[in-house]
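Q: coords please:
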Amino acid sequence: MAYTFSDPLAGLPAIGSIGSAAALPGGTIRRAYDPNYGEGEFIYLQGVANTVVGSCVTWSGISGGFPTFQTALSPAAGTNLNQPVAFATAAILAGQWGWYQIGGVAIAMTNGTFAAAGPAYLTATAGQISSTAVASRQVGEAYGLTAVGTPAANQILIELNRPCLQGAIT
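A: Model prediction:
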């Protein structure tokens, strides 16, 4: 993916870049365009250990009554947490900052199983998704577009519209 900002500003870190310190306020949201995938929406967040490109994360931790914009790999046992979700654009590790995708066509990590064209669900492995329906593990506003292997092994392309965790009845 080669997303470039739709309205570039001086000093804006590139999508897919990683910083050891925040270059922008946490929670900054920007739109960008890719010639193959179209327009996408991205949020600037702090990473967590074991993140890889396409990791599914939750965010918006609260400390002292204010958002921290800290991510956590999506829980393996999501139980209707009603938290916002984003997908990593790089291996943004603990203490690092970078862009996570919340809108448009994104890369998502799977557990190796995802049927093309279907809703996304959390798996038993934190940070990964599957097309296997499991009660209370649906990622709302996230829809798989490809089967596993596109664009790479254990990845899919997924359409996002500010996704969040929700408890689906299966």
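Q: all contacts plus neighbour counts: C-alpha atoms, from now on.
A: Noted.
Q: Enumerate the positions of stretch 48-59 that are buried.
A: 48, 51, 52, 53, 54, 55, 56, 57, 58, 59 (16 or more other C-alpha atoms under 10 Å).
Q: now the strands for the protein?
A: Assigned by DSSP state E, the chain shows strands spanning 4-5, 18-19, 29-34, 38-46, 56-59, 62-63, 66-67, 71-73, 85-88, 97-109, 118-122, 129-130, 138-144, 155-166.
Q: Tell me which of these lies nearest to residue 12.
A: Residue 12 lies closest, by C-alpha to C-alpha, to one member of those: strand 4-5, at 8.9 Å.
Q: Now do the same for the closest one: mean pLDDT, whole number.
A: Regarding strand 4-5, the rounded mean pLDDT is 93.
Q: That strand pairs with which strands, and in what direction?
A: In the sheet, strand 4-5 lines up against strand 29-34 (antiparallel) (DSSP bridges).
Q: Flag every buried residue along the strand it pairs with.
A: 30, 31, 32, 33, 34.
Q: what sits up against that strand?
A: 1-7, 39-44 (C-alpha atoms under 8 Å, 6 or more residues apart in numbering).
Q: switch to 10 Å and redo it
A: 1-8, 12, 15, 38-45, 99-105 (C-alpha atoms under 10 Å, 6 or more residues apart in numbering).
Q: and those residues, which are buried?
A: 3-5, 15, 39-45, 99-105.
Q: In terms of mean pLDDT, which of the strands of the chain ranks lowest?
A: strand 62-63 (a mean of 73).
Q: Direction included, what does that one pair up with?
A: Strand 62-63 sits in its sheet next to strand 66-67 (antiparallel), going by DSSP bridges.
Q: which residues touch the spatially most central residue of the chain?
A: Nearest to the mean C-alpha position of the chain, by C-alpha atoms, centre = their mean, lies residue 87 at 1.2 Å. Contact analysis of residue 87 by C-alpha under 10 Å, 6+ apart lists 42-43, 51-58, 73-74, 99-103, 106-109, 127-128, 158, 160, 163.
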